[in-house]
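Using only what follows, build the 3D model:
(one chain, ligands or ions: 1)
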Amino acid sequence: MATRRPVIAANWKMAGSQQLGEEVLEKFKLLPSSSAEVVICPPSVYLDSLQQQLSKHSSELVNHRISLGAQNMSHQEFGAYTGETSGAMLKEFGCSYVIIGHSERRRMYGESSDIVADKFIMAQKMGLTPILCVGESLAAREANRTFEVLNGELNAVLDKVGIMAFDNALIAYEPLWAIGTGKSATPEQAQEVHAFIRQRLTEISPFVGEKIRILYGGSVKPSNAADLFTRPDVDGGLVGGASLNASDFVNLCRIASESE
Ligand SMILES: O=C(CO)COP(=O)(O)O
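You can find the predicted model right below:
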């Protein structure tokens, strides 16, 4: 089996502060080293200060791999799109990653799978690595439609970008019923879906399927992380609530590093 370096990504959503960035980096300085890749996705207005904080503390963070990411971006390149942020702007402010197709954006802001695919394409065009979120609702799970929903969400992107585009992407499996509910998927449920996603990609390209990192998201916290992250197809986490607590978040990175 390929060794895939774990990734822990923080999705602050519309929360956090400049102060939180400072607190998180201070906690990382106390952790001797971590092998997991860490991605912090604050609201875009905080990217500038976080980028500066990262560079200020860089000499004390050499044993960590911390990158910046955004939570969303426009599928357009530039122009008259009030309120939007382009991939080029995110790049200018130090982002390497961007979350694409989070269920909160799909549900609350009407992002169709088609738009999600266009954002994926634009992210890569701008040199950003997309973190593509997929996941089923509780109703879909209860109706045994989990794999059908995931297939639909994956196919919408695969059909437009092709399998090789996934060579430079992460996938986050985030069941909607586990997001912000305190009720995580069980490690068995997560593993089952992650294996399904990997298999789906492996059928088209064994190289991509084996290599791609699939993160689990939905009520990840220090108490359930080790059980999730040690499953063979779970390559880390996309963390909401627990990423707003600096100690918990750094703890999650330590747990992910130890589960490699
Ligand atoms: O949506 C999520 C991360 O993108 C998960 O959020 P919670 O960790 O708060 O459940």
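
what are the phi and psi values for whichever residue of the stretch 101-250 of the chain sits closest to the ligand?
Among the residues of the stretch 101-250 of the chain, Gly240 lies nearest to the ligand; the distance is 2.3 Å by C-beta to the nearest ligand atom. Every residue, glycine included, has its C-beta placed from N, CA and C. The phi and psi values for Gly240, taken as degrees, to the nearest 10, are phi -90, psi -100.

Can you verify my assumption that it contacts Tyr216?
No. Using C-beta atoms under 8 Å as the test, Gly240 is too far from Tyr216 to be in contact (11.9 Å).

what about these two, which has more around it?
Neighbours around Gly240 and Tyr216, counted as other C-beta atoms under 10 Å, are more numerous at Tyr216. The numbers are 32 against 21.

The more buried one - nearest residue in space that isn't next to it in sequence?
Sequence neighbours aside, Ala190 is the residue nearest to Tyr216 in space, at 4.7 Å (criterion: C-beta to C-beta, 6 or more residues apart in numbering).

Residue numbers of the stretch 1-150 of the chain in contact with the ligand?
11, 102 (C-beta under 6 Å from any ligand atom).

Please enumerate the helices of the stretch 1-150 of the chain.
With DSSP state H, counting those that start in this stretch applied, the stretch 1-150 of the chain shows helices at 18-30, 47-56, 87-92, 103-108, 113-125, 138-142, 146-161, listed in chain order.

Tell me the helices and strands packed up against the second one.
So that's helix 47-56. Contact analysis of helix 47-56 by 3 or more C-beta pairs under 8 Å, 6 or more residues apart in numbering; DSSP states H and E lists helix 18-30, strand 65-70 as its packing neighbours.

go again using 10 Å as the cut-off
For helix 47-56, the elements it packs on are helix 18-30, strand 37-41, strand 65-70, helix 87-92, strand 95-100, judged by 3 or more C-beta pairs under 10 Å, 6 or more residues apart in numbering; DSSP states H and E.

outside of that helix, which residues touch it?
Residues outside helix 47-56 that contact it (C-beta atoms under 10 Å, 6 or more residues apart in numbering) are 12, 16-22, 24-26, 28, 40-42, 46, 61, 66-70, 85, 89-90, 92-95.

Now that helix - C-alpha only, PDB.
Included here for helix 47-56 are C-alpha records, laid out as PDB according to Å, rounded to 0.1, in the frame of the first residue of the first chain:
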ATOM      1  CA  LEU A  47      -5.000  35.300   5.300                       C
ATOM      2  CA  ASP A  48      -2.700  38.300   5.200                       C
ATOM      3  CA  SER A  49      -2.100  38.400   9.000                       C
ATOM      4  CA  LEU A  50      -1.700  34.600   9.100                       C
ATOM      5  CA  GLN A  51       0.800  34.700   6.300                       C
ATOM      6  CA  GLN A  52       2.700  37.300   8.200                       C
ATOM      7  CA  GLN A  53       2.500  35.300  11.400                       C
ATOM      8  CA  LEU A  54       3.800  32.200   9.600                       C
ATOM      9  CA  SER A  55       6.800  34.100   8.300                       C
ATOM     10  CA  LYS A  56       7.500  35.800  11.600                       C
END
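
returning to that earlier point: show me just the buried residues among the contacts of helix 47-56.
Buried positions within the contacts of helix 47-56, assessed by neighbour count (16 or more other C-beta atoms under 10 Å), are 12, 16, 20-22, 24-25, 28, 40-42, 46, 61, 66-70, 85, 89-90, 93-95.

Report how many residues lie close to Lys56.
Quick note: Lys56 (other C-beta under 10 Å) scores 12 neighbours.

swap in Ala143?
The local packing of Ala143 (other C-beta under 10 Å) involves 12 other residues.

got the contact list for it?
Residues touching Ala143, when contacts are defined by C-beta under 10 Å, 6+ apart, comprise 136-137, 149.

looking at the residues you listed, which has the most residues close by?
Counting neighbours by other C-beta under 10 Å, the top entry in the contacts of Ala143 is Glu136, with 24 neighbours.

quick one on the thing from earlier: quick one: the residue of the stretch 101-250 of the chain closest to the ligand from Ser219, how far?
Counting by C-beta to C-beta, to the nearest Å, the separation of Gly240 from Ser219 is 8 Å.

If anything else comes up later, I'll come back, but that's it for now.
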